[in-house]
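Novice: Quick one, what's the 3D model for this:
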Amino acid sequence: MIRITHHIAIDESEITESFIRASGPGGQNVNKLATAVQLRFDVRHSPSLPDELRARLEQIAGRRLTRDGVLVITAQRYRTQERNRDDALTRLIELIRAAAVRPTPRRPTRPTLASKVRRLEGKKRRGGIKALRGAKPREE
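Specialist: The predicted structure is shown next:
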């Protein structure tokens, strides 16, 4: 079990890893070894996640989520497979932790009377300046 928070843990069998060749620098190593990791986690069908958390995670994931609801994380920052595996898993855990935090609801506020007065005075001043730009009367 992978512990996310005190209340949330996901089973290791829910995560699948595949190794691919990393892009970028690395010399001959790049052409020979598959060091990059592609981690897949099925968000929609995971029994470990509550519905509320699942919805927030799908929203946060953005483009990393496939149409089928599978979260795909690709890690190729490091030159070893093991470090890339740890990096991908850490990123998954951080993403789930971020989704676990409930957003605080917005508390509606009203502008103060002084700010309303300042706004209206500014509009009058600006209108006065623009009124002076009017066409001059013709002298015949």
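
Novice: Near the closest residue to Ile2 other than its chain neighbours, how many other residues are there?
Specialist: Leaving aside its sequence neighbours, Ile2 sits nearest to Ile10 (CB to CB, 6 or more residues apart in numbering; 5.2 Å). No exception for glycine: its C-beta is placed from N, CA and C like everyone else's. Counted with other CB atoms under 10 Å, the neighbours of Ile10 add up to 19.

Novice: Pop out the phi and psi values for the residue nearest in space to the middle of the chain.
Specialist: Centre of the chain computed as the mean C-alpha position; nearest residue by CA atoms, centre = their mean is Ile60, 4.7 Å away. Backbone torsions for Ile60, taken as degrees, to the nearest 10, come to phi -70, psi -40.

Novice: so how far is Thr109 from it?
Specialist: 27 Å (CB to CB, to the nearest Å).

Novice: next one: Ala22
Specialist: Distance, Ala22 to Thr109, using CB to CB: 49 Å.

Novice: Looking at the two, which is more packed in?
Specialist: Ala22 (22 against 6).

Novice: Mind telling me what element that one is part of?
Specialist: Assignment of secondary structure by DSSP states H and E places Ala22 within no helix or strand.

Novice: for it, what are its contacts?
Specialist: When contacts are counted by CB atoms under 8 Å, 6 or more residues apart in numbering, Ala22 touches Val30, Ala34, Thr35, Ala36, Gln76, Arg79, Asn84.

Novice: doesn't Ala61 fall inside a strand?
Specialist: No. The assignment for Ala61, made by DSSP: H, G, I helix; E, B strand; the rest coil, is helix rather than a strand.

Novice: Please determine how far Ile96 is located from His45.
Specialist: Distance of Ile96 to His45, computed by CB to CB: 15 Å.

Novice: Of those two, which one has the most company?
Specialist: Neighbour count, other CB under 10 Å: between Ile96 and His45, Ile96 has more, with 25 against 11.

Novice: If you drop the residues flanking it in sequence, what lies closest to the more buried one?
Specialist: Ile4 (5.0 Å).

Novice: Check what pLDDT the one you found gets.
Specialist: Note for Ile4: predicted pLDDT of 71.
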